[in-house]
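Participant: starting from these lines, generate the structure:
(one chain, ligands or ions: 2)
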Amino acid sequence: MNEQNILIVRCGEVALKGMNKPYFERMLVDRIRKNLKSYKGVDVKRHEGLIFIRAEKDLDIEGIIKETAKVFGVASISKAVESESELNAIGSAAVEYMMDLIEKRGIKSFKVEAKRADKNFPVKSPEIGRIIGAKVLIGCKVLNVDVHNPDVLLHVDVRHDRTYIYEGKVAGFGGLPLGTNGKGLVLLSGGIDSPVAAWMMAKRGMLIEAMHFHSYPYTSPRAQEKVEDLARILASYCGRFKMHVINLLPIQEQIVEHCPEEETTILVRRFMMRIAERIAKDNDCMMLITGENLGQVASQTAEALVVTDASVKLPVMRPLIAMDKVDIMDKAKEIGTYETSILPYEDCCTVFLPKHPTTKPRLERILESESKLDCQALIEAAVSSQEIIDIKVE
Ligand code: ATP
Ligand code: MG
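Facilitator: Ligands and ions are numbered 1, 2, ... in the order given. Model prediction:
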């Protein structure tokens, strides 16, 4: 039997990338290696159009599968055994594989699905299926063939120098390998939405850096720790990243003192965006990312989004813009941020919340209000007070 556990990793969209396919595959292999670097004795290689992970037998293979499934660009993973591409050898390996499943899961029926990737192999796919099926029937007396509803669908993938035998697939998230689509700065609050927004952009291959605003001492240090916890969950998908943290209180106080109360929220949001834009430019981030969602709250009406958008030149990505809240919540649960997001700590946006925020702000009015403030100086002061936190999985 094999001395190593073998995993076959299928890339989803990466496989469609035409001329750039080798580049995307290399990036994907790199990312898988990074995610598995805490395991000693794991080898990740491209071979014959697939990615193979070979792990020493005594390693925690389920853990390795879990970590691999988190790598963006991975469509699915199967645990396989290999043999020489020769019918008797394939037959013996298939029997051994099935004996193991009989012992572990008490399976009773099977069907063979053979595929001949190597067209020079002298036997055609359906015939390979019949031959291997017959060998399994002889070798495993308790098994029957069931073509309609088998306990196990046994895949036999005949390639040039090796043949791979496996059943079942663990689904990955798909998407594209990190680092194939630039870097974005996510405005990360402690809420449900922004972590999901960051995750969705990262899934399309974008590296992430984060920006968080607090209003200490109105917001507690625990509120910031919660955001750091969220950021660390993101880092388990996106790799290590920097989080810029800024106290927004001096700006909020100026706004409250000099501007109409109902405009507070939208004015604060425009400052957040402009500060984020500065930080983005200083750190090679090409875009801003927010968890904004059309109509969810007063600051996210169509009119408010237009006025918010007008504060910056960098493109603002809002991947959740048209999603329903329940679907965003489901996504948050799936990626593991939900439980942390719903912990009850205050956000800086809830400090100085106006009683009746304007839901249809007009840009001219907002610009007029801003003219009462020294915006540039406030932004500079905020940027130079930033604290940088190194976010990495512990
Ligand atoms: P979330 O669930 O992401 O907090 P939300 O529904 O509470 O979003 P808002 O509070 O209006 O909506 O915030 C909209 C977006 O602005 C957030 O998704 C986030 O990208 C950004 N944002 C809000 N508060 C902060 C903050 N304290 N620090 C950094 N970004 C923030
Ligand atoms: Mg929020």
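Participant: excluding chain neighbours, what is closest to residue 216?
Facilitator: Nearest residue to residue 216 in three dimensions, chain neighbours excluded: residue 247, at 5.5 Å (C-beta to C-beta, 6 or more residues apart in numbering). (C-beta placed from N, C-alpha, C; glycine too.)
Participant: quick check: that neighbour touching residue 212?
Facilitator: No. Shown here, residue 247 and residue 212 do not form a contact pair, counting by C-beta atoms under 8 Å, at 10.3 Å.
Participant: who has more neighbours, the two?
Facilitator: residue 212 (25 against 19; other C-beta atoms under 10 Å).
Participant: what pairs with the more buried one across the strands?
Facilitator: residue 245 (DSSP bridges).
Participant: ok, it to ligand 2 distance?
Facilitator: 11 Å (C-beta to the ion, to the nearest Å).
Participant: what secondary structure does the residue in the chain that ligand 2 sits nearest to sit in?
Facilitator: Residue of the chain nearest ligand 2, by C-beta to the ion: residue 191 (3.4 Å). Under DSSP: H, G, I helix; E, B strand; the rest coil, residue 191 falls in the coil class.
Participant: need the pLDDT of it.
Facilitator: Here, the pLDDT recorded for residue 191 equals 95.
Participant: wait, what's in contact with it?
Facilitator: 291, 341, 347 (C-beta atoms under 8 Å, 6 or more residues apart in numbering).
Participant: the stretch 51-200 of the chain: helices as residue ranges?
Facilitator: 61-69, 87-105, 125-139, 193-203 (DSSP state H, counting those that start in this stretch).
Participant: what's the most buried one of the ones you listed?
Facilitator: Burial of the helices of the stretch 51-200 of the chain is given as mean neighbour count (mean count of other C-beta atoms under 10 Å); helix 193-203 ranks first at a mean of 25.
Participant: is it anywhere near ligand 2?
Facilitator: No. Between helix 193-203 and ligand 2, judged by C-beta under 5 Å from the ion, nothing touches; the nearest distance is 6.9 Å.
Participant: which bits of the stretch 201-350 of the chain sit near ligand 2?
Facilitator: So far as C-beta under 5 Å from the ion goes, the stretch 201-350 of the chain lies against ligand 2 at residue 347.
Participant: what comes up buried for the lengthiest strand in the chain?
Facilitator: The longest strand of the chain (DSSP state E) is strand 74-84. By neighbour count with 16 or more other C-beta atoms under 10 Å, strand 74-84 contains the buried residues 74, 75, 76, 77, 78, 79, 80, 81, 82, 83.
Participant: redo those residues as JSON lines? Include distance to ligand 2.
Facilitator: Shown next, in JSON lines, are the buried residues of strand 74-84 (distance: C-beta to the ion, whole Å):
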{"residue": "74", "distance to ligand 2": "31"}
{"residue": "75", "distance to ligand 2": "33"}
{"residue": "76", "distance to ligand 2": "35"}
{"residue": "77", "distance to ligand 2": "35"}
{"residue": "78", "distance to ligand 2": "40"}
{"residue": "79", "distance to ligand 2": "41"}
{"residue": "80", "distance to ligand 2": "45"}
{"residue": "81", "distance to ligand 2": "49"}
{"residue": "82", "distance to ligand 2": "50"}
{"residue": "83", "distance to ligand 2": "55"}
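Participant: mind putting those in a markdown table, pLDDT and distance to ligand 1 included?
Facilitator: Output for the buried residues of strand 74-84, formatted as a markdown table (pLDDT from 0 to 100; distance: C-beta to the nearest ligand atom, whole Å):
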| residue | pLDDT | distance to ligand 1 |
| --- | --- | --- |
| 74 | 95 | 27 |
| 75 | 94 | 28 |
| 76 | 96 | 30 |
| 77 | 97 | 31 |
| 78 | 96 | 36 |
| 79 | 94 | 37 |
| 80 | 95 | 41 |
| 81 | 94 | 45 |
| 82 | 93 | 46 |
| 83 | 95 | 51 |
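Participant: return the member of those residues nearest to residue 90.
Facilitator: Closest approach to residue 90 among these (C-beta to C-beta): residue 83, at 5.2 Å.
Participant: which residues touch the closest residue to that closest one other than its chain neighbours?
Facilitator: Once flanking residues are discounted, residue 83 sits nearest to residue 93: 3.8 Å by C-beta to C-beta, 6+ apart. Neighbouring residues of residue 93 by C-beta under 8 Å, 6+ apart: 81, 82, 83, 163, 165.
Participant: before we move on, the earlier item: tell me the pLDDT at the residue nearest to residue 216?
Facilitator: The predicted local confidence for residue 247 is 97.
Participant: show the contacting residues for it.
Facilitator: 213, 214, 215, 216, 382, 385.
Participant: for it, phi and psi?
Facilitator: phi -80, psi 120 (degrees, to the nearest 10).
Participant: what comes up buried for stretch 374-388?
Facilitator: In stretch 374-388, counting by 16+ other C-beta under 10 Å, buried: 375, 378, 379, 382, 383, 386.
Participant: is that stretch anywhere near ligand 1?
Facilitator: No. Remark: stretch 374-388 sits outside contact range of ligand 1, by C-beta under 6 Å from any ligand atom, the gap being at least 12.2 Å.
Participant: and what of stretch 204-217?
Facilitator: Yes. Contact of stretch 204-217 with ligand 1 (C-beta under 6 Å from any ligand atom) involves 211, 212, 213.
Participant: now do the end-to-end distance for that stretch.
Facilitator: End-to-end span of stretch 204-217 (C-alpha to C-alpha, to the nearest Å): 37 Å.
Participant: what does the stretch 251-394 of the chain put close to ligand 1?
Facilitator: So the stretch 251-394 of the chain meets ligand 1 at 290, 291, 292, 296, 297, 299, 300, 347, 348, 349 (C-beta under 6 Å from any ligand atom).
Participant: quick one: buried ones out of those residues?
Facilitator: For these, buried by 16+ other C-beta under 10 Å: 290, 291, 292, 296, 299, 300, 347, 348, 349.
Participant: can you tell me which two in those residues are farthest apart?
Facilitator: Maximum distance among those (C-beta to C-beta): 17.6 Å, for 296 and 348.
Participant: close to ligand 1, is stretch 180-197?
Facilitator: Yes. Using C-beta under 6 Å from any ligand atom, we find that stretch 180-197 touches ligand 1 at 187, 188, 189, 191, 192, 193, 194.
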